[in-house]
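Peer 1: Have a look; sequence and predicted model below, questions after that.
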Amino acid sequence: MTLDVYTLFVCELYVTLFLVIIMFFAWRGAQYDRTLGYLCLALCLTLSGLWLSSLRANGALFFPVVAGNMLILVAYGILLNAFRAFRGAACGYGWLLGMTLWAVLCLFPAFYHSLPKRVLVSALLCVIYTALMIRELYRTRTILPVTWWPAQLLLWVHIVFNLMRILMDAGVASSQYGAIGGSTFSVWVIIESILLVIGLNFTFLAMVNERNQLQYKQASLLDPLTGVWNRRALFQQAEKCRQQCKRSRQPLSVLLFDLDHFKSINDRFGHTQGDRTLINFCQIAQGHMPLEGWFARLGGEEFAAVMIVEKAQALVIAELIRSETAQAQPDGVDYTVSIGVASDGGGSLNVGNLMTEADDALYRAKARGRNCVVDAREIHQNPPTLATGLSA
Ligand SMILES: Nc1nc2c(ncn2[C@@H]2O[C@H](COP(=O)(O)OP(=O)(O)OP(=O)(O)O)[C@@H](O)[C@H]2O)c(=O)[nH]1
């Protein structure tokens, strides 16, 4: 099979131009996401570099060899910045090094007129830039659990190809003297770079999409003020706990918390201090969650926790939270919390019923003067006056 270098080159120009257009709209559609912006810029520079390298066919040397390759090396640097921007890092100046090195080397006629030397340096720089991109990508593995893998694969294929190029492309000038490199290996360089730009575009779109999806999902489950889970997250988790407890017949406990006279804290110390008090309470409560315990803000000064522990342990945890809160005094502000606790031994579990029971117990805790823990079941079994809430 003979692959015509000019036909491939036109294909490459067309594909790259088309990808520039796609990426430009993707960038705008993603609210001017920096990563996609860098990628779009890298593609524009690649397109310009490719076009300049085609001037080799007219016998020109300066534009294809110096300017064309410099543009392509800047594109590599900007691609590296796209990976850095993806993980929120600043750009630095390292991305300019490849282009600068090439410009300096071109000042030496022994390099400028030697195709094998140019092929060697160009392939080496591609390997170095790609290795740096792999390093950047490696740092994003925690925020990119899925697309991290295809992105790695794509970059490793590019490294292997360029290493093969160093070994196999002796820089023999092609009889079809034309675009990119000008050696007999050019056909493979063009094919690989077409596949690379297509692969990179899809990979970056998938990466940005995955990161955004995870961010949106997280934002929809977290309370923005305190950073703890919100009502939606807690109810999702409660349903998982219910299923787990039902299967393994484990006890499930629900704790409802309500800060006492919180309105008066806002009135006396201001809303900002009120916010700080809410954050302080969340830190205290989070610090007492057991291994299988989840805490959330339901709204305002109301919080809840679901935990796979039996009633006795849930009451101990509630009392620890209550007493630590009463002693906390964030910024000199005294505040207390009332807590209702409901538990199920693992039989006919119903989270809705447990919530209602805990809410009932919380109501009783408020009625008993606040700053206390009340166990829902004991309220039902005993007259209110004998309820075994752990009063402060
Ligand atoms: N600072 C601050 N205050 C909030 C926030 N959300 C709700 N609040 C306030 O919380 C207060 C709740 O007041 P109430 O429902 O009357 O309850 P309370 O004063 O705590 O009284 P008891 O619950 O009966 O002890 C209101 O003044 C709300 O404005 C918030 O995000 N930040």
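Peer 2: Cool, the structure landed. Residues are numbered from 1 along each chain as shown.

Peer 1: C-alpha only now, for contacts and for neighbours.
Peer 2: Noted.

Peer 1: Leu144 is in contact with Glu210, correct?
Peer 2: Yes: look at Glu210 against Leu144 with C-alpha atoms under 8 Å: they come within range, at 6.9 Å.

Peer 1: show me what contacts the closest residue to Ala75 other than its chain neighbours?
Peer 2: Distances taken as C-alpha to C-alpha, 6 or more residues apart in numbering put Ala42 closest to Ala75, at 4.3 Å, once the chain neighbours are dropped. By C-alpha atoms under 8 Å, 6 or more residues apart in numbering, the residues touching Ala42 are Val74, Ala75, Tyr76, Ile78, Leu79.

Peer 1: one more time with 7 Å
Peer 2: Going by C-alpha atoms under 7 Å, 6 or more residues apart in numbering, Ala42 touches Ala75, Ile78, Leu79.

Peer 1: and these, which of them are in helices?
Peer 2: If you go by DSSP state H, the contacts of Ala42 have Ala75, Ile78, Leu79 in helices.

Peer 1: Quick check: pLDDT value at the residue nearest to Ala75.
Peer 2: For Ala42, the pLDDT comes out at 96.

Peer 1: which SS state does it fall under?
Peer 2: helix (DSSP: H, G, I helix; E, B strand; the rest coil).

Peer 1: what's the spacing between it and Val74?
Peer 2: 8 Å (C-alpha to C-alpha, to the nearest Å).

Peer 1: what sits against the residue most central in space within the chain?
Peer 2: Most central in the chain under C-alpha atoms, centre = their mean is Ile143, positioned 3.4 Å from the mean C-alpha point. For Ile143, the contact set (C-alpha under 7 Å, 6+ apart) comprises Arg211.

Peer 1: now swap in Thr325 and tell me
Peer 2: Phe281, Ile284, Tyr335, Thr336, Val337.

Peer 1: Just the ones in strands from these, please.
Peer 2: Residues from the contacts of Thr325 lying in strands, with DSSP state E as the criterion: Val337.

Peer 1: Just the closest of the contacts of Ala42 to Leu3, please.
Peer 2: Ala75 (26.3 Å; C-alpha to C-alpha).

Peer 1: The closest one reaches Cys44, doesn't it?
Peer 2: No: using C-alpha atoms under 7 Å, Ala75 and Cys44 do not qualify as a contacting pair, with a distance of 8.2 Å.

Peer 1: Comparing the two, which residue is more hemmed in?
Peer 2: Taking neighbours as other C-alpha atoms under 10 Å, Ala75 and Cys44 compare with Ala75 leading, 27 against 21.

Peer 1: Distance to Gln243 for the contacts of Thr325 - can I get that in CSV?
Peer 2: Shown next, in CSV, are the contacts of Thr325 (distance: C-alpha to C-alpha, whole Å):
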residue, distance to Gln243
Phe281, 29
Ile284, 28
Tyr335, 36
Thr336, 34
Val337, 30
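
Peer 1: circling back to that earlier point, can you work out which residues contact both of Ala42 and Val74?
Peer 2: Common neighbours of Ala42 and Val74 (C-alpha under 7 Å, 6+ apart) do not exist.

Peer 1: my guess is Val306 is in a helix, correct?
Peer 2: No: secondary structure of Val306 (three-state DSSP): strand, not part of a helix.

Peer 1: what is it paired to in the beta sheet?
Peer 2: Val254, Trp294 (DSSP bridges).

Peer 1: any idea which of the ones in helices among the contacts of Ala42 is closest to Phe9?
Peer 2: Nearest to Phe9 among these, with distances taken as C-alpha to C-alpha, is Ala75, at 18.0 Å.

Peer 1: and the gap between the closest one and the ligand?
Peer 2: 47 Å (C-alpha to the nearest ligand atom, to the nearest Å).

Peer 1: quick one: contacts for that residue?
Peer 2: Ala42, Leu45, Thr46.

Peer 1: can I assume Leu259 is in contact with Ile339?
Peer 2: No: if you go by C-alpha under 7 Å, Leu259 and Ile339 don't touch, sitting 8.8 Å apart.
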